[in-house]
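1. for reference, the sequence and a predicted model appear below.
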Amino acid sequence: MARYTGPASKIARNFGEPIFGADKAFDRKNYPSGMHGMARKKKQQSDYALQLKEKQKAKYTYGILERQFRKIFVEAARKHGVTGENLLKLLESRLDNTVFRLGIAPTRRAARQLVSHNHIEVNGVNTNSPSFTLRKGDVVTVTLKAREMEVIQTALRNKGKNFPWLQWNEDKMEGTFIAMPERDQIPENIKEQLIVELYSK
């Protein structure tokens, strides 16, 4: 299965929340897609259905396919602490997600593209792997040739909230990954325990 590149609003509507960020189309049609979207009756879902839906939501939110997602889950399970929280911390520490959180890109899709096109450096080294995992103290910098790009300039002008585990230096156009985020600092509405239960079957 290839990475999903279709309409983001359609997926957000099926989950009932704007998982890809602000979405005017979702605001206008806040109900499941399809000709029977508004009339569709809500059926009581099984535990498995709820767990699967939560995993799918996390995968779409962070733009990750099944094999890579499972690999991250296995790593989270090996780490000390709560597996579900470890999973979200590892997802948040990905380079593409960090570029998005720093406000360098308007969406995670755009952040992935910036990384893949060699516009981002980590600790002074050009890094084009969106899945690169950042560690405490790593510095993410926009390359010199990319600093005047309209997409980056626009994203930074419209930069939203700051996140406590990241520090942004506007003059140097670089951000520092201060530490792994705590669960209560991560804004995503994901019930990670359901994902743990699904993989534990």
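-> Now that the structure is in, tell me what you want to look at. Numbers count the residues shown, from 1 in each chain.
2. wait, Gln45 sits on Lys53?
-> Yes: the criterion here is Cβ atoms under 8 Å, and Gln45 meets it with Lys53 at 7.5 Å. C-beta: built from backbone N, CA, C; applies to glycine.
3. more neighbours, the two?
-> Between Gln45 and Lys53, Lys53 has the larger neighbour count (other Cβ atoms under 10 Å), namely 17 against 11.
4. and the more buried one, how far from Glu188?
-> In this view, Lys53 and Glu188 are 15 Å apart by Cβ to Cβ, to the nearest Å.
5. ok, now Pro106?
-> Distance of Pro106 to Glu188, computed by Cβ to Cβ: 17 Å.
6. between those two, which one's more packed in?
-> Of the pair Pro106 and Glu188, Pro106 is the one with more neighbours under other Cβ under 10 Å, namely 19 against 13.
7. who touches the more buried one in this structure?
-> Neighbouring residues of Pro106 by Cβ atoms under 8 Å, 6 or more residues apart in numbering: 21, 100, 151, 154-155, 158.
8. what does Ala77 give?
-> Contacts of Ala77 (Cβ under 8 Å, 6+ apart): 83, 86, 199.
9. where's it, which helix or strand?
-> According to DSSP states H and E, Ala77 maps onto helix 66-78.
10. please identify the buried residues of that helix?
-> Neighbour-count burial for helix 66-78, counted by 16 or more other Cβ atoms under 10 Å, picks out 69, 72-73, 76.
11. what's the first helix or strand after that helix?
-> Going down the chain from helix 66-78, the next helix or strand is helix 83-92, by DSSP H and E.
12. now do that next one: everything it contacts.
-> Helix 83-92 is contacted by residues 58, 62, 64, 72-73, 75-77, 79, 97-98, 101, 133, 165, 180-181, 183, 186, 188, 190, 192-193, 195-196 when judged by Cβ under 8 Å, 6+ apart.
13. let me see the mean pLDDT of that helix.
-> Average pLDDT, helix 83-92: 97.
14. okay, buried residues for it please.
-> Going by 16+ other Cβ under 10 Å, helix 83-92 has these buried residues: 83-92.
15. so what's the residue sitting nearest the centre point of the chain up against?
-> With distances taken as Cα atoms, centre = their mean, Tyr62 lies nearest the centre of the chain, 3.1 Å away. Applying Cβ under 8 Å, 6+ apart to Tyr62 gives the contacts 91, 94, 97, 108.
16. mind listing what's buried along stretch 188-197?
-> By neighbour count on 16+ other Cβ under 10 Å, the buried set for stretch 188-197 is 190, 192, 194-197.
17. where does Gln185 land on pLDDT?
-> pLDDT at Gln185 comes out at 96.
18. domain assignment for the chain?
-> What automatic domain parsing lists as the domains of the chain is 8-37+44-90+188-199, 94-179.
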